[in-house]
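J.: Sharing a model that was predicted from the sequence below.
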Amino acid sequence: RTFEPARKLATVPETDLGHLIHGGFSQAETFGTLAVDRAGGVHVYWLDTRFMDDAGDTAALVSVHSTDDGRTFGPERVLLKTGMCPCCQLAATLGEGNALFLGIRYVEDGNRDSHVMRSDDGGLTFGAPVRIGGDLRWKIDGCPLKPTVVAVQGSRVYAAAFNGATEKTGVRFAASTDGGRTFGAFEPVHPEAAVSDYPAVVALRGDTVRVFWHGKAGEDPARAVFGTVSHDGGRTFAPVERLVAGVGVGYPNAIALPSGTAALAYVSGGRIHLRTLPGAP
């Protein structure tokens, strides 16, 4: 009902990088995400342009952390000084114990592929980014503006993202059975769709995972929210369902509820809506 006054968590540099960033910005600290653990930890991450120069247009990954439910925050931590696609949203997800995962889009040799980073100390430090997709590389001279979303259930880590590396573009899904250290095939979730984009993934009890996205399929030209579910850890999926149709439908987001069900939020008709879906078969 009420909130405290906003606090600035990022240091805003005074240097002007407008010739690199474009859009009228001199600096950018953007696409923030956070994860909140049960021990009072609040972990905030964002993309930061302060280290950009004429030799490269990639952003840094910077974080701050609180151990007292957000009342105070420690100093900034520069996790990666370069290499981050500067306009592709971040996604933070907690795992078991002190594990924390980040879905990112990392730049290598002009490829802007989806990666997952794993931390085993509560999000303070991370291992090297793990690329999803094998030989499927998306080379693009510019920011795709596409997030990589992640969900975790035990040692299983699920990731989904839009990929434009092939003639048939769209949302793809990959699963890891070793805690995000390696990923299996990066497969399309809705290959018959004319458009599929903006995925959301939620891991439920056991080996159940739900994937949502918005797209266009069949003879209906309007965009709708679609979904599918797997009960074997992402190896096989049920047929795609058209879950929501209407005016201005899109932008799904989902979380797992303590009851074992999934909560799906989406936009329709200029309003935010919410529905729940079962976790069990």
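T.: Nice, thanks for sending it over.
J.: how close does residue 270 sit to residue 247?
T.: 8 Å (C-beta to C-beta, to the nearest Å). (Each C-beta comes from the backbone N, C-alpha and C, glycine too.)
J.: now residue 267
T.: Counting by C-beta to C-beta, the gap from residue 267 to residue 247 is 10 Å.
J.: Quick check: end-to-end length of stretch 21-30?
T.: Start-to-end span of stretch 21-30 (C-alpha to C-alpha, to the nearest Å) is 12 Å.
J.: what does it rub up against?
T.: 10, 12-13, 15-18, 46-50, 52, 59, 62, 86-87 (C-beta atoms under 8 Å, 6 or more residues apart in numbering).
J.: how about 10 Å then?
T.: Contacts to stretch 21-30, defined as C-beta atoms under 10 Å, 6 or more residues apart in numbering, come from residues 8-20, 46-50, 52, 57, 59-60, 62, 86-87, 89-90.
J.: Mind giving me the ChimeraX command for buried ones among those?
T.: Here is the ChimeraX command that selects the buried residues among the contacts of stretch 21-30 (16 or more other C-beta atoms under 10 Å):
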select :9,10,17,46,47,48,49,50,52,57,59,60,62,86,87,89,90
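J.: Mind checking which of the contacts of stretch 21-30 are in helices?
T.: Applying DSSP state H to the contacts of stretch 21-30, the entries found in helices are 18, 19, 20.
J.: what would the residues you listed look like in a markdown table with pLDDT and distance to residue 179?
T.: Formatted as a markdown table, these follow (pLDDT from 0 to 100; distance: C-beta to C-beta, whole Å):
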| residue | pLDDT | distance to residue 179 |
| --- | --- | --- |
| 18 | 79 | 41 |
| 19 | 77 | 42 |
| 20 | 76 | 37 |
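J.: and these as TSV, adding distance to residue 172?
T.: Formatted as TSV, the ones in helices among the contacts of stretch 21-30 follow (distance: C-beta to C-beta, whole Å):
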residue	distance to residue 172
18	35
19	35
20	30
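J.: In the stretch 101-250 of the chain, where is pLDDT below threshold?
T.: For the stretch 101-250 of the chain, applying pLDDT under 70 flags no range at all.
J.: who has more neighbours, residue 267 and residue 247?
T.: The residue with more neighbours, out of residue 267 and residue 247, is residue 267; 18 against 9, by other C-beta atoms under 10 Å.
J.: Give me the contacts around the helix or strand encompassing the more buried one.
T.: Here residue 267, judged by DSSP states H and E, is contained in strand 262-268. Strand 262-268 has contacts (C-beta under 10 Å, 6+ apart) with 198, 200, 202-204, 208-210, 212, 214, 224-225, 227, 229, 243-257, 272-279.
J.: Mind listing the strands that strand pairs with, and their directions?
T.: strand 250-256 (antiparallel), strand 271-277 (antiparallel) (DSSP bridges).
J.: picking up where we left off before, ok, of the contacts of strand 262-268, which come out buried?
T.: 198, 200, 202-204, 208-210, 212, 214, 224-225, 227, 229, 243-244, 249-254, 256, 277, 279.
J.: How much space separates residue 243 from residue 196?
T.: Taking C-beta to C-beta, one finds residue 243 at 13 Å from residue 196.
J.: who touches both of these two?
T.: Joint contacts of residue 243 and residue 196 (C-beta under 10 Å, 6+ apart) are 214, 226.
J.: and residue 194, how many neighbours?
T.: 12.
J.: ok so, going back, please produce CSV containing the strands paired with strand 262-268, extended by distance to residue 105.
T.: Listed next are the strands paired with strand 262-268 as CSV, based on distance: least, C-beta to C-beta, whole Å:
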stretch, distance to residue 105
strand 250-256, 18
strand 271-277, 26
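J.: Residue 1: which of those strands is closest?
T.: Of all the strands paired with strand 262-268, it is strand 271-277 that lies closest to residue 1, at 17.8 Å by C-beta to C-beta.
J.: OK, contacts around the closest residue to residue 233 other than its chain neighbours?
T.: The spatial neighbour of residue 233 that comes closest, neighbours along the chain excluded (C-beta to C-beta, 6 or more residues apart in numbering), is residue 207 at 4.0 Å. By C-beta under 10 Å, 6+ apart, the contact set of residue 207 is 153, 154, 156, 175, 177, 230, 231, 232, 233, 234, 235.
J.: Find the helix or strand that the nearest residue to the last one once chain neighbours are set aside is a member of.
T.: Spatially, and ignoring its direct neighbours in sequence, residue 235 is nearest to residue 175 (7.6 Å; C-beta to C-beta, 6+ apart). With secondary structure defined by DSSP H and E, residue 175 is part of strand 170-176.
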